[in-house]
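Chemist: I'll drop the sequence and a predicted model, then ask my questions.
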Amino acid sequence: MQRFIDLAECGRETIVELLRLASRLEAVPQPRALEGKVLGLLFLNPSLRTLASFQAGMARLGGSAFVISPGQGSWKLELRPNVVMDGDAAEHIREAIPVLASYSDVLGVRVFAEGKNLEHDLAEPFFSAVRDTCPVPLVNMESAIAHPCQALADWKTLDDLDVPQGGKFVLSFANHPKPLPLAVPASAVQMAAMRGMQVTVLRPDGYALPDPIMNAAHEAAKASGGSVRETDDRREALEGAHVVYAKSWGSPRCYGDPEAERAMRADFGTTWRVGRDWFDGADASCRFMHCLPVRRGVVVEDEVLDGERSVVVRQARNRMFAQMAVLHRLLRGE
Amino acid sequence: MQRFIDLAECGRETIVELLRLASRLEAVPQPRALEGKVLGLLFLNPSLRTLASFQAGMARLGGSAFVISPGQGSWKLELRPNVVMDGDAAEHIREAIPVLASYSDVLGVRVFAEGKNLEHDLAEPFFSAVRDTCPVPLVNMESAIAHPCQALADWKTLDDLDVPQGGKFVLSFANHPKPLPLAVPASAVQMAAMRGMQVTVLRPDGYALPDPIMNAAHEAAKASGGSVRETDDRREALEGAHVVYAKSWGSPRCYGDPEAERAMRADFGTTWRVGRDWFDGADASCRFMHCLPVRRGVVVEDEVLDGERSVVVRQARNRMFAQMAVLHRLLRGE
Amino acid sequence: MQRFIDLAECGRETIVELLRLASRLEAVPQPRALEGKVLGLLFLNPSLRTLASFQAGMARLGGSAFVISPGQGSWKLELRPNVVMDGDAAEHIREAIPVLASYSDVLGVRVFAEGKNLEHDLAEPFFSAVRDTCPVPLVNMESAIAHPCQALADWKTLDDLDVPQGGKFVLSFANHPKPLPLAVPASAVQMAAMRGMQVTVLRPDGYALPDPIMNAAHEAAKASGGSVRETDDRREALEGAHVVYAKSWGSPRCYGDPEAERAMRADFGTTWRVGRDWFDGADASCRFMHCLPVRRGVVVEDEVLDGERSVVVRQARNRMFAQMAVLHRLLRGE
């Protein structure tokens, strides 16, 4: 494995090995496995779990990490190609990546979608520029449409909790004050499809996930024996569900137009806030998942988030073990 | 010891053991004592000493640390319970604490007083929420009304300098452009009282420390053989003093009302700036203490701060050793 | 060696030893050389390479580092002496330095020129205050007129690439949206002169480097057998050049007056942007150097920066090895 930037690129077999390694590292610490190794972390967007779990995970393997946050103690970075840099940004990503890589044995990079043009973001121009200029193993810490570390941690969480491989996985849109990126819903659907689950995307009119995302999920489902479908009928979607994975995202229909988005959400009220009654027809063991951060009282009611179905802290904790497995594999090649 | 959140909770015997351990770690490095251990540090307020000394101290014991500063590279955190989170804050402390704890062997948290309502702050609602949701050993890196790491370092400083156990400890209010929290004065008085000192709080009318703080100090003094009293008479207060501990705090009388506070301070001039003449009637060995940061020319004259009585850098340095003892004790349980 | 704050103070012999050590550390890792040691890093200005390379380098030697950035999670620092601190800054550098030093085995400090008064900046009042209050080994991570870590890395880069000791080194002014500090041009000229090179400073009228900088370079050249001269004739300057080192700096003639500076640059157009044709009369092996960050399309054309002559990433990478040598030498004294 030379890099970890997308579940699909990784392939099911490698993922299963990574999950096994993650569980082994959880059970039996290896505090010197990556001694003397350095992980560079470049954050072009905010973070809590990623920032903490990569540093903690690297430390638990005996290695070290440094963090660079452009605009916060470091120069603002220019991401666009062929620009005359006479504005705010003092440095271009084309220099920053090879330079940071030159200090690092492995580099993690977070660069969200720009959120202006859907086609543009779906093509991942920024992360592709990172990938193409990075001479060391690269980890995607969330790009425009992929968050593979989250997906790997979620998969581990499903395994930990014995959620059936062929169980029913419902990714549900949820309300939010702002239009959010597509990376987590895209990766969650991809993950559940690769795991062989019966995936339902529950979302209002106007929030269908873009074709490239759904097509990739369909392909993954075909290979794994799973399935993927979409609906706006909550009752039907949740019938027998083993997992409700809540997440908000911006409407692809009015991508980059926050005003139009606000208008679309004006009537949502609490319709797209996950409440206890959502689980009435679900499987008795049905879990509530969310990648965090989550807005209480907007995305989900407190009693669900604080209740027994909620496994959000376990998901977050598994970020660390999943990423330790990725780092271990990238740096020791086993 | 399961946590370090307040000197009183800790108890005198444990404190004496921690001080002994701190001196041992100062004299004889233990660079592998906490190998493989991770300290999570959550700062909801600015810091210099705490930020540096916890990281340096953990490193000197062979462990690692990571830092999370909401609003600066990490999501803004909501602290209030039962809020519909449709504002600025993307994450609630109720998720943030267990998540960060899940990456950490021990968690340090700094969350200052809100500064609006005195009763509210005295009840420590924010730090209590942290404490109640933290499943790993917790260290108070300054809460609304307690700064036990500073107090422990100050105690060590008094011991290092052979300041008599029953000596005269004067906590003096000092001027400042802004109303500051009560954590340091509360912890300094508590510490000196627990150490058995004759404590005098010197402050202007309107700046008496709130009853719960003074009551706790009186109780501690009763147990240790010390005493605690208040006065606004500087000459009498400083007569024979072994320590002048300067610190500014906001008036409890107009708590949360900066305008009123400004009016109260309008006539202070340099009356509450510690100058050389303050020490005229003090003991010949009298020390000047301050927790830092300190505003030169406002809180204290340069010639005092730069003079022989000043032990502020030693206090700061002892932060590291005191905290190393706390971390050592929490993680190795000896 | 007790500190590393200026190439001239260091002396040629020590520099040659540091370069040898840097190459040794590049070739053969010493992952436990600085075990248990702590490097404090104080940044009063932004950074990418320095921030990353000091942390990564310290980690590769088995030590640890912490970072303090006043105004970003830490208190704003006052740098001026004898000030009544009733403004924004909560802490004075006179306390901050000894306190941070008390947690550190070695301290690195970055404090740029104030950029208002040339005489003032040339006297290095801020870094001198740091130096005079720092009780542990000190590393200059860029002060008003010196960036010795960059210069040491550049020297190593020249050696790595077999650029002749007596070769022609052209420091060329380049355009930029803002007036920048003199530290890098001053240190580059000093470095090349100490290395024995034939140094030409190519710059427009009004951009001659200040006398103290040129005088120091002349003195260094005299000792090493090199030479130093200035010109505004590009063709003559570049004739037979082995190195074009591009860098922008503010005009000493209108120092601290951005309006006047803007007027001086109004007609520059692309005259002071390094293009491919600059190398027409240069030596066939001529290298393009820049300390980074660099503004593409302003300082240099993309095709030069991305072309074969460009060694900017190697310069940046050598920052790490150069600094590892400095830290190793300061902490192990060999």
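Modeler: Nice, thanks for sending it over.

Chemist: quick one: pLDDT of residue A:334?
Modeler: For residue A:334, the model assigns a pLDDT of 62.

Chemist: residue ranges with poor pLDDT in chain A?
Modeler: A:334 (pLDDT under 70).

Chemist: go again using 90 as the cut-off
Modeler: Within chain A, the stretches falling below the threshold (pLDDT under 90) are A:333-334.

Chemist: list the contacts for the spatially most central residue of it?
Modeler: Computing the C-alpha centroid of chain A and ranking residues by C-alpha atoms, centre = their mean puts residue A:147 first, at 2.8 Å. Neighbouring residues of residue A:147 by C-beta atoms under 8 Å, 6 or more residues apart in numbering or on different chains: A:140, A:183, A:184, A:186, A:187, A:291. Where you see a C-beta, it was placed from the backbone N, CA and C, and this is true even at glycine.

Chemist: and the lengthiest helix in chain A, does that touch chain C?
Modeler: Secondary structure of chain A per DSSP state H: the longest helix is helix A:312-332. No - using C-beta under 8 Å from any C-beta of the partner chain as the criterion, no contacts between helix A:312-332 and chain C are found, and the smallest distance is 13.7 Å.

Chemist: picking that back up, out of the contacts of residue A:147, which are inside helices?
Modeler: Cross-referencing the contacts of residue A:147 with the helices (criterion: DSSP H) gives A:183, A:184, A:186, A:187 as the overlap.

Chemist: The third one reaches residue A:214, doesn't it?
Modeler: No - taking C-beta atoms under 8 Å as the contact criterion, residue A:186 and residue A:214 are not neighbours in contact, 9.2 Å apart.

Chemist: quick one, which of those two is more surrounded?
Modeler: Neighbours were tallied for residue A:186 and for residue A:214 using other C-beta atoms under 10 Å in any protein chain shown; the higher tally belongs to residue A:186 (27 against 18).

Chemist: could you measure the more buried one against residue A:201, distance?
Modeler: Computed as C-beta to C-beta, to the nearest Å, the residue A:186 to residue A:201 distance reads 11 Å.

Chemist: Need the overlap of contacts for the two.
Modeler: Overlap between the neighbourhoods of residue A:186 and residue A:201 consists of residue A:209, taking contacts as C-beta under 8 Å, 6+ apart.

Chemist: Please enumerate the helices of chain A.
Modeler: Under the criterion DSSP H, chain A carries helices at the ranges A:7-10, A:12-27, A:49-60, A:93-102, A:118-122, A:125-133, A:148-160, A:183-194, A:211-224, A:234-238, A:258-265, A:302-305, A:312-332.

Chemist: Could you save the ones you listed as CSV and add columns showing distance to chain B?
Modeler: Formatted as CSV, the entries for the helices of chain A read as follows, by distance: least, C-beta to the nearest C-beta, whole Å:
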stretch, distance to chain B
helix A:7-10, 23
helix A:12-27, 11
helix A:49-60, 3
helix A:93-102, 16
helix A:118-122, 20
helix A:125-133, 19
helix A:148-160, 11
helix A:183-194, 14
helix A:211-224, 23
helix A:234-238, 21
helix A:258-265, 11
helix A:302-305, 7
helix A:312-332, 4
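
Chemist: Identify whichever of these lies nearest to residue B:257.
Modeler: Evaluated over the helices of chain A, closeness to residue B:257 peaks at helix A:302-305, with 32.9 Å, by C-beta to C-beta.

Chemist: hang on, the earlier thing: for the longest helix of chain A, list every residue counted as buried.
Modeler: In terms of neighbour count (16 or more other C-beta atoms under 10 Å in any protein chain shown), helix A:312-332 has its buried residues at A:312-331.

Chemist: the inter-axis angle of that helix versus helix B:125-133?
Modeler: Counting by axes from the mean of the first three to the mean of the last three C-alpha atoms, to 10 degrees, helix A:312-332 points 70 degrees away from the direction of helix B:125-133.

Chemist: Helix A:312-332 - contacts with which helices or strands?
Modeler: Counting contacts by 3 or more C-beta pairs under 8 Å, 6 or more residues apart in numbering or on different chains; DSSP states H and E, the secondary-structure elements packed against helix A:312-332 are strand A:3-4, helix A:12-27, helix A:49-60, strand A:106-110, strand A:138-140, helix A:148-160, strand A:287-289, helix B:93-102.

Chemist: could you dump those to a markdown table with distance to chain C?
Modeler: Converted to a markdown table, the helices and strands packed on helix A:312-332 look like this (distance: least, C-beta to the nearest C-beta, whole Å):
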| stretch | distance to chain C |
| --- | --- |
| strand A:3-4 | 19 |
| helix A:12-27 | 21 |
| helix A:49-60 | 10 |
| strand A:106-110 | 10 |
| strand A:138-140 | 16 |
| helix A:148-160 | 21 |
| strand A:287-289 | 32 |
| helix B:93-102 | 16 |
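
Chemist: Residue C:239: which of the ones you listed is closest?
Modeler: When these are ranked by proximity to residue C:239 (C-beta to C-beta), strand A:106-110 comes first, at 40.9 Å.

Chemist: Can you list the strands that that closest one pairs with?
Modeler: Sheet partners assigned to strand A:106-110 using DSSP bridges are listed as strand A:38-43 (parallel), strand A:138-140 (parallel).

Chemist: Could you single out the most deeply buried of the ones you listed?
Modeler: strand A:38-43 (a mean of 26; mean count of other C-beta atoms under 10 Å in any protein chain shown).

Chemist: still on that earlier bit, and the furthest pair within the ones in helices among the contacts of residue A:147?
Modeler: Across the ones in helices among the contacts of residue A:147, the two lying at the largest distance from each other (C-beta to C-beta) are A:184 and A:186, at 7.2 Å.

Chemist: Give me the domain ranges for chain A.
Modeler: According to automatic domain parsing, chain A comprises the domains A:3-146+A:318-332, A:162-310.

Chemist: and the last one, how far apart are its ends?
Modeler: So that's domain A:162-310. Its start and end residues considered, domain A:162-310 measures 15 Å (C-alpha to C-alpha, to the nearest Å).

Chemist: Ok, stretch A:38-49 next?
Modeler: In stretch A:38-49, first residue to last residue: 19 Å (C-alpha to C-alpha).

Chemist: next one: it to chain centre, how far?
Modeler: The chain centroid and the centroid of stretch A:38-49 are separated by 14 Å under C-alpha atoms, centre = their mean, to the nearest Å.

Chemist: just stretch A:301-317 next, same as before
Modeler: With C-alpha atoms, centre = their mean as the basis, the mean position of stretch A:301-317 lies at 17 Å from the chain mean.

Chemist: do the same with stretch A:184-202
Modeler: With C-alpha atoms, centre = their mean, you get 12 Å for stretch A:184-202.

Chemist: And stretch A:38-53, by the same measure?
Modeler: Relative to its parent chain, stretch A:38-53 has a centroid offset of 13 Å by C-alpha atoms, centre = their mean.

Chemist: What of stretch A:297-312?
Modeler: Offset of stretch A:297-312 from its chain centre (C-alpha atoms, centre = their mean): 19 Å.

Chemist: cool, stretch A:203-222 as well?
Modeler: Between the centre of stretch A:203-222 and the centre of its chain there are 16 Å (C-alpha atoms, centre = their mean).

Chemist: for stretch A:170-179, same thing?
Modeler: Its chain's C-alpha centre and that of stretch A:170-179 lie 15 Å apart, by C-alpha atoms, centre = their mean.

Chemist: Please report the distance of residue A:158 from residue A:194.
Modeler: 11 Å.

Chemist: was I right about residue A:150 contacting residue A:184?
Modeler: Yes - at 6.1 Å, residue A:150 and residue A:184 qualify as touching, with contact defined as C-beta under 8 Å.

Chemist: so what sits against both of the two?
Modeler: Common contacts of residue A:150 and residue A:184 (C-beta under 8 Å, 6+ apart): residue A:291.
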